[in-house]
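Student: Generate coordinates for the sequence data below:
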Amino acid sequence: MTVEDRHVSPYSFAEKVKRMVWSVVQSTLFRYSFHTWNGCRIMLLNLFGAKVHASCIIRRTVRVECPWNLKMGANACLGDGAIAYCLGEVTIGPRVSISQGAHLCAGTHDYTCASLPLLRLPITIEEDAWIAADAFVGPGITIGKGAILGARGVAMKDLDAMTIYAGNPAKSIKARPAIDTKND
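Tutor: The predicted structure follows:
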C-alpha cells in the first residue's frame, strides 16, 4: 500500500457535498424545529432521500448521518439524542422504538487490512422491537421481530425474535411475552 492509497476517500465528491448540506440543515432547521413538528423533520429527512413513514416520531435532538440510507416503517420512533449513523442502510420496522441516547452504527473498518477500509454494513430492526436507552447496535446486525435490547446493552451479534437481551455484550435474559395489540 502506498501513501496515496491511505488518502483516498471512501466518499464520492457528490456524497461529500450531500453530507455537508445535510449537516447544515440538520444543525439548523431540523434541530431548532418545534418539539411537535415531527412532520417537518420527516419531510426534511425524506427530502434528503430517507424513506420515513409519515406516522413516525422523530425527536429534534436525533442525529442522522447519511439520511438517504434510512428507512422507517409506520409508527416507529427515534427518541431524544438517538444517533442513526447510517453509513450503510438502516431499516427500522413498524412500531419500533429507539429510545433516548441509543446508537445505531452501520459503519466500521476492516481491521484485517492495514489501510482500515470503511465497511458500510446494514442494520435491520424488525417490527415491534425496542432498543432501550443508551443501547448500541453494531454494523451488520439484525434485531429480530419483537426483540428488546435493554438499557445500555450492546448488540454485536444478531438478536433473536421475541427475546429480551441485556448487557455488554448483549445476552439473552428471557423470552418476551406475547405482544398485546388489542389495547392499541
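Student: Helix or strand for A178, just tell me which one.
Tutor: Using DSSP states H and E, A178 sits in no helix or strand.
Student: Tell me where this structure has helices.
Tutor: 3-6, 13-25, 38-47 (DSSP state H).
Student: contact partners of the longest one?
Tutor: Going back to what we said before, that points to helix 13-25. S9, Y11, L44, F48, E65, C66, P67, W68 (Cβ atoms under 8 Å, 6 or more residues apart in numbering). From N, CA and C alone the C-beta is placed, and that goes for glycine too.
Student: The first one: neighbour count?
Tutor: Read that as S9. The tally of other residues near S9 (other Cβ atoms under 10 Å) stands at 9.
Student: Identify the residue spatially nearest to it, adjacent ones excluded.
Tutor: Excluding the flanking residues, the one nearest S9 by Cβ to Cβ, 6 or more residues apart in numbering is K16, at 7.3 Å.
Student: how far away is the one you found from S23?
Tutor: Remark: distance between K16 and S23 (Cβ to Cβ, to the nearest Å) = 11 Å.
Student: Pick the most deeply packed of the helices of the chain.
Tutor: helix 38-47 (a mean of 18; mean count of other Cβ atoms under 10 Å).
Student: chain center to that helix: distance?
Tutor: 16 Å (Cα atoms, centre = their mean, to the nearest Å).
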